[in-house]
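In: Fold the following.
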Amino acid sequence: MDLYQELILDHSKRKVGHGLREGEAAEVHHVNPTCGDEVTLRVHLDGTGPEAHITDISYEAMGCSISMASVSILAEEVTGETIHEAMDVHEAMRQMLTSRGQDPGDEEVIGDGVALAGVAQYPARVKCALLGWMALTDALARAGVDVSTTSQGESA
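Out: Alright, predicted model coming up:
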C-alpha cells in the first residue's frame, strides 16, 4: 500500500478533531446528496477578520473514507491558522481536487491533503473530498467572516 493510501486510511480512522465541542463561533451541517456523506462542523475562533485564529475545528461526520479523511485533514491543517491562512489552504485543496489530476498539490501548503490528489481523477468523488472544506467556508461566513476577501492572497 502506498503512503497516500495509508494517510487516507489513517485519517479516516483516527479522525483529528472528531467530536463536537462547545464554544463555537458557528455550526453548519452539510450533506453530499450524491452519496449521502454528512458533516456537522463547528468552527471556534479567536479574534475577528482575516487575521482571527481558528482555535478549533470540531465535527461529527459519517460517510466514505475519502470524506472522513478529508475533514480530518482539514482539522489538522487549519487549526491554529489565521482565517486568511486557512482560506489559502482551502483554495489550494479546491484547486488540486478540481484539476482532474493536473495539479498534484503542494505539500508545503496542504500537508497531508496531498494524499487526496488522486481523487481529482474521479469527478464523482471530488464532492466527497470537498464536503468538509465547503462546510468550513460556510461556518466562517456564518461566524461573520467575509470569506470572499480572505483567499488567494487578498486581505479584508
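In: top helix in the chain by residue count?
Out: For the chain, the helix with the greatest residue count under DSSP state H is helix 123-142.
In: That helix: which residues count as buried?
Out: 125-140 (16 or more other CB atoms under 10 Å). The C-beta positions use only the backbone N, C-alpha and C, and glycine is treated the same way.
In: between those, which is nearest A92?
Out: Ranked by distance to A92 (CB to CB), the buried residues of helix 123-142 are led by W133 at 10.4 Å.
In: which residues of this structure score low on pLDDT?
Out: 1-4, 149-156 (pLDDT under 70).
In: same thing but at 90, please
Out: 1-14, 34-35, 48-51, 101, 123-124, 146-156 (pLDDT under 90).
In: That one: helices as residue ranges?
Out: Counting by DSSP H, the chain has these helices, from start to end: 3-14, 65-78, 83-97, 107-110, 123-142.
In: Give me the packing partners of the first one, helices and strands only.
Out: This points to helix 3-14. helix 65-78 (3 or more CB pairs under 8 Å, 6 or more residues apart in numbering; DSSP states H and E).
In: Which positions in the helix it packs on come out as buried?
Out: Buried residues in helix 65-78 (16+ other CB under 10 Å): 66-78.
In: and what of stretch 8-18?
Out: 8, 11-12, 15-17.
In: Put the alpha carbons of it into PDB.
Out: The C-alpha trace of stretch 8-18 is given here as PDB (Å, rounded to 0.1, in the frame of the first residue of the first chain):
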ATOM      1  CA  ILE A   8      -6.200   8.400   3.900                       C
ATOM      2  CA  LEU A   9      -7.000   5.300   5.900                       C
ATOM      3  CA  ASP A  10      -5.200   6.700   8.900                       C
ATOM      4  CA  HIS A  11      -7.100  10.000   8.800                       C
ATOM      5  CA  SER A  12     -10.400   8.200   8.200                       C
ATOM      6  CA  LYS A  13      -9.800   6.000  11.300                       C
ATOM      7  CA  ARG A  14      -8.100   8.400  13.800                       C
ATOM      8  CA  LYS A  15     -10.200  11.500  12.800                       C
ATOM      9  CA  VAL A  16      -8.400  14.600  14.000                       C
ATOM     10  CA  GLY A  17     -10.900  17.000  15.600                       C
ATOM     11  CA  HIS A  18     -13.700  14.400  15.700                       C
END
